[in-house]
Structure formats: C-alpha cells, structure tokens
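K.L.:
This is a predicted model, with the sequence first.
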Amino acid sequence: MHLQILAALSKCISTAGMVVRPLPHRWVFFLPVVAINSYCYFSKVSDDSIRSNVIIETLIASDYILLTDIQRELRQIGQREPIINAGIWDRLKWTLQLLCSPRGIGWTHEQTSIIPPHAHLSRLDFLRNRLIALVMAIIGNDIAFILTSIDPGFSRDAVTYYEQPFLWRFWATGLFFFRLKSSIQVYLLLITLLLVSTGLSEPDTWPDFFGRLADAYTVRRWWGYESTLFLGPRFLTKYSRRVWHQQLRRIVSSHGKFLSRHVFGLLPGTIASSYAQLYVAFFLSGLIHVTSFDPRPICFFLLQAVTITFEDFIISVARKAGAQSSFAVQILGYVWVYCSLTVTFGIWLDSMNSAGIGDYAGTLILNRYHGSWLSNESLPLRGNPEA
C-alpha cells in the first residue's frame, strides 16, 4: 500500500512541476519524481503493474517537465493565448486536462491522421453506443481469459513458444492480442462512461481507442507509426491510420524526437531521424512492458521496429518496380502482418509465462468469484488447487 501512496506523491510533484510557470530550474521537480519512482520500481514488495505505471509516469514527467515547454508550446483547440499568462487555478485545470488526454484529443498537437473520427453524437446516444461496446468487450475479455486459462501453453510450466506446434502458435497469437485488446477496452471504456455520464467530459473528445482491423495490412499500420514512403496512388499512400491503441504514443515519440536530434545529432525529416525515432519508440514500449525484470519484451518490441524497417524496404523496392494497389496485394499484407506477429510473439509470451502472468484464475464476470455459477470445479482454471 505504501508504494501506491508514494506513486501518488510522485504524481503530485510532477503535476506541480507542470503547473508552475516555466523557470530555469524547473527540472528540479523531476529529481524527486525519479527518486520516488525508482524506489517503487526496485522495491522488493513491488509488482509488475506498479513498475509499468511508474515507468509511464516517469516518461510523462520527463516529457512535460524536461523536454517540452508545455505552457508555451501546447494549446487546446480554440485557445488563443498561452496558458502561461493565466492564474494558478486555470493552469492547474489546464494541466489536468492535458494529463487526461494522452492522445492529445482536443489539443492542437492531436495527430488527427492516426486517430479515428470523433463521435459526433448526443450524450445519450454516445453513452448507449459505448455501453454496448463495453458489454461486448467484457464478454470478449471473459471468453479470451477462459480460453487462455485452460490452455497449458499460457502457463508458467509451458514449454517455450517455439517448441509448440506452428498451428498452436498461429492460434495463440490471435488469442493473446484479442485478450489484450478486450481488457484494455474494458478499462478505457469504463473511464469514458464515467467522465461523459457525469458531464466532466464531452462525447466528441472520446474517439474509438482502436482502429479498424481492415487497416492492418502492414506492420507499421498495425502499430500506428507514420512514414513518408509511398507506393502507388492509394495503397500505402501514407501510413496514417493505425489499428493498435495510441495511449503511449506521445511519451515514446517525444523522447524519440529529442534523442534523435539532440543526442544522435540527426536532422529532423531525414530517413535516419525517422528510423532512430522508430527504434527509440519501440525500445521504450518494450521497457514499459517488462515483467519481473525480464528484458525479453524489449526484444519483442525492437523486433517490431526491425520488421517495419524490412517492410519499408520491400515497399520501396516494389514502388520503384512500378507495383500498384490491388485487392490481392492487400490480402497478402494481412497474411504478412499476422505471420510476422506470430513469428516474433514467442519472446514476449515466454517472458509472461515465466512471470506467471498466464496463470489467471478468474474473469470479470463469468468466474470472478469463487462459488459463482461457473464454479471452479466446472472449469479447471489454472491456479485453482482443486483443478
């Protein structure tokens, strides 16, 4: 419990560092944030959820206190004057609104090319739509967790992913990402419904968190990293739409841009700068997903950057050869994305199995509590001593 209190204290300090007017020594606010978060991360009583959270909070503080002069550079849509000229309570409200919008929705830095269209619905229609989506996400989450709970491949005692039959690997990859998407959807939709139903937020500030699977015909599109490569008048005209959520995009991309320009000395807009940012972003994504100090998730995410680099090369060669868009090419793209994820996913799954993350003995509704109508005896979920 004390770690959660310390993490909250760290968040308050970093928020204060964002609220105060820009000062030459504002970086001082970052020092206690790093100290507290480091203690929370390496504490013997910490767990993976706390570690992931403090990494994210440290990156947010680094971005908004060290890398970006937020009060001068960032503005809400319709905001004419920089917030630096406002009073402290207005700056506090402005900062909290910034922190509540990691995708930059409603801000001038929102990347509209990768965010799904805003929902122009009445409050009642929006709540009805998102409530249906929440119910579907909960059902999907329960089904996925039950399937992984009864599958010995998702357990601490499982053989390594690459020792499993290929068809199982093909199935396991899809099942895992479906489970992960469903669980993220449940969490984010609950927040959406709470804020919109209470009037604290407007419906059009909550576009969908995930894009359409129909857009997942390149690995770059799946993860949502833009590129300036072109291939034909339509196909891959610009890698803009994304499929996976973009909740972490701001904090990983801002550090990628800073390192690319100020540490690696690369000129903005160059190919070298673009790929440096790509690899930094995936490295930080891997760091956020590390479990039990196992670095294998970092390897998985860096492999995504390698795959995108290879993919870009093939697309560039195809463009020079005069390749054009076609339905067959797009189908080939879907196969490519799924197969590339299947080939690389094992590193991450083995890491999670070693940490015991797969040993999940409950779902949100169907078997959340012992003695429920779907009893432990009726479903031998791992972690149940009677199974």
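P.N.:
Yep, that arrived.

K.L.:
what about residue 143, how many neighbours?
P.N.:
The local packing of residue 143 (other CB atoms under 10 Å) involves 16 other residues. For every residue, glycine as well, the C-beta is placed using N, CA and C.

K.L.:
how much space is there between it and residue 123?
P.N.:
From residue 143 over to residue 123 the distance is 31 Å, taken as CB to CB, to the nearest Å.

K.L.:
Next: residue 8.
P.N.:
Counting by CB to CB, the gap from residue 8 to residue 123 is 31 Å.

K.L.:
same thing with residue 186?
P.N.:
Counting by CB to CB - residue 186 and residue 123 are separated by 21 Å.

K.L.:
neighbour count winner among these two?
P.N.:
Legend: neighbour count by other CB under 10 Å for residue 186 and residue 123, higher for residue 186 (19 against 12).

K.L.:
Next, work out how far apart that one and residue 131 are.
P.N.:
12 Å.

K.L.:
Helices of the chain, start to end?
P.N.:
For the chain, applying DSSP state H gives helices covering 2-19, 30-42, 48-61, 70-73, 88-99, 123-149, 166-197, 219-223, 249-258, 271-288, 296-320, 327-355.

K.L.:
Please identify the most buried of these.
P.N.:
helix 219-223 (a mean of 24; mean count of other CB atoms under 10 Å).

K.L.:
Keeping just the C-alphas, turn it into CSV.
P.N.:
Provided in CSV are the C-alpha atoms of helix 219-223 (Å, rounded to 0.1, in the frame of the first residue of the first chain):
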residue,chain,number,x,y,z
VAL,A,219,3.0,-3.9,-39.5
ARG,A,220,3.5,-0.2,-39.5
ARG,A,221,-0.2,0.4,-39.8
TRP,A,222,-0.9,-2.2,-37.1
TRP,A,223,1.3,-0.4,-34.6
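
K.L.:
roughly how far out does it sit from the chain middle?
P.N.:
In terms of CA atoms, centre = their mean, to the nearest Å, the centre of helix 219-223 is set 13 Å apart from its chain centre.

K.L.:
and that helix, what does it pack onto?
P.N.:
Here helix 219-223 touches helix 296-320, helix 327-355, going by 3 or more CB pairs under 8 Å, 6 or more residues apart in numbering; DSSP states H and E.

K.L.:
For residue 15, find the nearest of the ones you listed.
P.N.:
helix 296-320 (28.4 Å; CB to CB).

K.L.:
which outside residues touch the closest one?
P.N.:
For helix 296-320, contacts defined as CB atoms under 8 Å, 6 or more residues apart in numbering pick out 218-220, 223, 225, 227, 229-232, 236, 275, 278-279, 281-283, 285-287, 289-291, 336, 340, 344-345, 347-348, 350-351.

K.L.:
how far off helix 271-288 does it point, in degrees?
P.N.:
Inter-element angle recorded for helix 296-320 and helix 271-288: 150 degrees (by axes from the mean of the first three to the mean of the last three CA atoms, to 10 degrees).

K.L.:
same question for helix 296-320, mean pLDDT?
P.N.:
For helix 296-320, mean pLDDT is 95.

K.L.:
That helix to helix 327-355, inter-axis angle?
P.N.:
Going by the same axes, to 10 degrees, helix 296-320 makes 170 degrees with helix 327-355.

K.L.:
can you give me the offset of helix 296-320 from its chain's centre?
P.N.:
Worked out by CA atoms, centre = their mean, helix 296-320 lies 19 Å from the chain centre.

K.L.:
ok, residue 245 - contacts?
P.N.:
184, 188, 209, 210.

K.L.:
about what we covered before: ok, which of the helices and strands packed on helix 219-223 comes nearest residue 43?
P.N.:
So among these, helix 327-355 is nearest, using CB to CB, at 16.7 Å.

K.L.:
coming back round to it: report the two of the contacts of residue 245 separated the most.
P.N.:
188 and 210 (9.4 Å).

K.L.:
quick one: residue 147 and residue 174 touch, right?
P.N.:
No: using CB atoms under 8 Å, residue 147 is not in contact with residue 174; the gap is 10.7 Å.
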